[in-house]
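In: Requesting a structural model of the entry that follows:
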Amino acid sequence: MEMHRKKRIEILLEAPAQKRLTDLLDRLDVTGYTVLPVIGGKGHHGVWSREGLPSAAGAMVSVAVIAAEERLDEVLVPIFELVRRHIGIVTVSDVTVIRGERF
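Out: Next up, the predicted model:
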């Protein structure tokens, strides 16, 4: 089976900024992304949980993108420009996919 090397960009971001991020990804012609709720974690300011939050204002989401390595800077720079104004982190890792033509 043929495998293809790609980059996985994961963005943890405040939920209220999610639409701005996914709109940006659409404008960048990213072929796809997955958005998941983040239920809790621990960071610079201690432990947090979305349990008991009355609205999405304090919630976080995780957005995963698979991209070709040659598009990494083109996609990553505008993502970082958005995320740096919010609570959030961006990670990049190597992944191997089976259906490389999709990315």
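In: Now the helix or strand harbouring Val95: buried residues?
Out: Under the criterion of DSSP states H and E, Val95 resides in strand 88-97. Using 16 or more other Cβ atoms under 10 Å as the test for burial, strand 88-97 gives 88, 90. For every residue, glycine as well, the C-beta is placed using N, CA and C.
In: List the neighbouring strands of that strand plus their orientation.
Out: Strand 88-97 has its sheet partners listed here by DSSP bridges as strand 4-14 (antiparallel).
In: Let me see the mean pLDDT of the partner strand.
Out: For strand 4-14, the mean pLDDT works out to 96.
In: For stretch 12-31, which outside residues touch it?
Out: 11, 33, 35, 37-38, 56-63, 65-67, 74-75, 78-79, 82-83, 86-90, 102-103 (Cβ atoms under 8 Å, 6 or more residues apart in numbering).
In: contact partners of the strand holding Val95?
Out: Here strand 88-97 has contacts from 3-14, 17, 60, 66, 72, 76, 79-80, 83, 103, using Cβ under 8 Å, 6+ apart.
In: export that strand as PDB, just CAs?
Out: Output of strand 88-97 as PDB, limited to C-alpha atoms (Å, rounded to 0.1, in the frame of the first residue of the first chain):
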ATOM      1  CA  GLY A  88      -4.700  29.100  21.800                       C
ATOM      2  CA  ILE A  89      -1.800  27.000  20.500                       C
ATOM      3  CA  VAL A  90      -0.700  25.700  17.100                       C
ATOM      4  CA  THR A  91       1.200  22.500  16.600                       C
ATOM      5  CA  VAL A  92       2.600  20.900  13.500                       C
ATOM      6  CA  SER A  93       3.500  17.200  13.100                       C
ATOM      7  CA  ASP A  94       4.500  14.700  10.500                       C
ATOM      8  CA  VAL A  95       1.800  12.300   9.400                       C
ATOM      9  CA  THR A  96       1.500   9.500   6.900                       C
ATOM     10  CA  VAL A  97      -1.800   9.200   4.900                       C
END
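In: Sweet, I'm off.
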